[in-house]
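> The following block contains a protein sequence and its predicted model.
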Amino acid sequence: MNYLFNEIIDRKDGLGLKWNHLEQAFGSEEILPMWVADMDYANPQPIIDSLKKVLDGRILGYTAPPESLYNAIIHWQKERHQMELSKDSILFSPGVVPSIALIIQALTNEQDAILIHDPVYTPFSNMITLNKRRLVRSPLLIENNQFKMNFKDIEKKIIEEKVKLFILCNPQNPGGRVWSKKELTTLAELCKKHGVLIISDEIHGDLIFSPHQFTSLVTLDPSYQDFVLTLSAATKTFNIAGVKLSMIYIQNPKLYEQVSYYQECIEHSGLNTFGYVATETAFSKCEPWLKELMINLSDNLETITTCFDTELPNVSYMKPEGTYLFWFDCSSLRLTDEELMEHFVRVGKIALNSGAAYGPGGSQYLRLNFAAPKELVEEGLKRIKLAFEN
Ligand SMILES: Cc1ncc(COP(=O)(O)O)c(C=O)c1O
């Protein structure tokens, strides 16, 4: 095990949301933060070094994305995900969520129906409703403690609600499913048949537990390039969410034009220097770090599932196939969603994400972020047990 992943870094003096926003979010500072999806691990050293080099230049002026950044992205997507990209299919954005908002505005109209799974990453629904589009949810099924898509329901909703856009989360947050080729193909074929565009949010696509294999939706068939827009970033994988840079891959030139025109309207052509530099370094120099990270996350996951299986045998959970998120069922406590959060804060002294925030289907669940040194994960487990036992 790499010692770097065991170091406990004091984040309390920094600006980080996860450790310094507890009072506002949970009403208490004396709790262990295992909520917001960033990691308590130091960034890869090459990223720190590349950012220091920028500072050593002593002038932080405007920056354009360098050719070498495009090359690093194209190489990463081809080698790891068999995705064929050219420079003119890549747009930059300050984040995946801003990209979702941008695409909604560029490619749909007010009151258009947009379909998402339930439960799913909270900002999907927020971006739809804030932009005055119609939110339609397709509940995920649970089989053998894993989420499954309900294709009958998806097609029914597409037809009845005249859905224009589907927003997919692959791998799935909060359940950690890495959708199979078959599931993805079935979904894409349904959308193709009914003329529905797809945004595929693949921000967790490099955080996959063996033997599961991630497939980028658009690579499954050349025809999918016509209607699939892929969102990706180095931020989740390499723990650099604060540098605020993500990518939009659009291989259909007409859709690319429409989205890039919208970006021009809000002047998103020049973004953050640190984002460009950190992303290029991540994709060109940090693959060895990612390998170590996955060993560490697998080990944490093993610790968690062993603890639940032996000490909380009546609590069901979804074993994630990707991501660093652990989704577990608290219905045995017989509390409302609000009481559940209050109980884990007061008794467990731990900050987790409320499942209800992910949609009605997330009710009674909590989400644990286990990207932290083992010692913190073990402390978190003690606190979760305390909450279940009291
Ligand atoms: C599925 C998913 N998409 C997007 C994001 C956030 O992306 P960004 O910070 O680039 O807006 C997250 C963060 O947790 C996420 O889980």
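Looks like it arrived, so ask away.
> make it CA atoms for all contacts and neighbour counts henceforth
OK.
> Residue 203 and residue 367, how far apart?
18 Å (C-alpha to C-alpha, to the nearest Å).
> Which single residue of the chain ends up nearest the ligand?
residue 95 (3.3 Å; C-alpha to the nearest ligand atom).
> Flag every residue of this protein that's near the ligand.
For the chain, the contact set with the ligand under C-alpha under 6 Å from any ligand atom comprises 37, 95-98, 121, 169, 173, 201, 203, 241, 246.
> want to try CSV for those, with secondary structure and pLDDT as columns?
Output for those, formatted as CSV (DSSP: H, G, I helix; E, B strand; the rest coil; pLDDT from 0 to 100):
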residue, secondary structure, pLDDT
37, coil, 95
95, coil, 97
96, helix, 98
97, helix, 98
98, helix, 97
121, coil, 98
169, strand, 98
173, coil, 98
201, strand, 98
203, coil, 98
241, helix, 97
246, strand, 98
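> could the residues you listed go into TSV alongside neighbour count?
What follows is the residues of the chain next to the ligand, written out as TSV (neighbours: other C-alpha atoms under 10 Å):
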residue	neighbour count
37	18
95	21
96	23
97	17
98	14
121	20
169	25
173	24
201	26
203	25
241	18
246	24
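> Let's have the residues you listed in CSV, adding distance to residue 230.
Shown next, in CSV, are the residues of the chain next to the ligand (distance: C-alpha to C-alpha, whole Å):
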residue, distance to residue 230
37, 20
95, 13
96, 10
97, 12
98, 13
121, 16
169, 10
173, 16
201, 6
203, 9
241, 18
246, 11
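> which one of those sits closest to residue 359?
residue 121 (8.5 Å; C-alpha to C-alpha).
> next one: the longest helix belonging to the chain to chain centre, how far?
Longest helix in the chain, counting residues (DSSP state H): helix 287-311. Relative to its chain's centre, helix 287-311 lies at 18 Å (C-alpha atoms, centre = their mean, to the nearest Å).
> Which elements pack onto the helix or strand following that helix?
Per DSSP states H and E, helix 287-311 leads on to strand 317-318 as the next helix or strand towards the C-terminus. For strand 317-318, the packing partners by 3 or more C-alpha pairs under 8 Å, 6 or more residues apart in numbering; DSSP states H and E come out as strand 325-329.
> I'd like to check the angle between the strand it packs on and helix 287-311, please.
Relative orientation of strand 325-329 versus helix 287-311 (axes from the mean of the first three to the mean of the last three C-alpha atoms, to 10 degrees): 20 degrees.
> just to revisit the earlier point, quick one: buried residues of the longest helix of the chain?
289-290, 293-298, 300-301, 304-305, 307-308 (16 or more other C-alpha atoms under 10 Å).
> Let me see the domain layout of this structure.
3-44+287-389, 60-284 (automatic domain parsing).
> Quick check: which of the ones you listed is nearest to residue 51?
So among those, domain 60-284 is nearest, using C-alpha to C-alpha, at 6.5 Å.
> quick one: the helices in the stretch 251-390 of the chain?
Here the stretch 251-390 of the chain has its helices, by DSSP state H, counting those that start in this stretch, at 253-265, 273-285, 287-311, 337-343, 374-389.
> Mean pLDDT added to these, as CSV?
What follows is the helices of the stretch 251-390 of the chain, written out as CSV (pLDDT from 0 to 100):
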stretch, mean pLDDT
helix 253-265, 96
helix 273-285, 98
helix 287-311, 97
helix 337-343, 97
helix 374-389, 97
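> Not counting sequence-adjacent ones, nearest residue to the residue of the chain closest to the ligand?
Nearest residue to residue 95, sequence neighbours excluded (C-alpha to C-alpha, 6 or more residues apart in numbering): residue 246, at 4.8 Å.
> Quick one, grab the pLDDT at residue 2.
Here the pLDDT value assigned to residue 2 is 58.
> Any stretches of this structure with poor pLDDT?
Along the chain, the model assigns pLDDT under 70 to residues 1-3.
> Bridged to the residue lying closest to residue 134 once chain neighbours are set aside, which residues?
Using C-alpha to C-alpha, 6+ apart and skipping residues adjacent in sequence, the residue nearest residue 134 is residue 113, 4.5 Å away. Beta-bridge partners recorded for residue 113 (DSSP bridges): residue 134, residue 163.
> Adjust the sequence numbering to begin at 15 for everything that follows.
With 15 as the first residue, the last one maps to residue 127.
> pretty sure residue 127 contacts residue 146?
No: contact criterion C-alpha atoms under 8 Å: residue 127 and residue 146 do not qualify, at 9.8 Å.
> Under a three-state scheme, what state does the residue of the chain most remote from its centre occupy?
Of all residues in the chain, residue 72 sits farthest from the chain's C-alpha centroid, using C-alpha atoms, centre = their mean; the distance is 33.9 Å. Using DSSP: H, G, I helix; E, B strand; the rest coil, the structure places residue 72 in coil.
> Residue 356: neighbour count?
18 (other C-alpha atoms under 10 Å).
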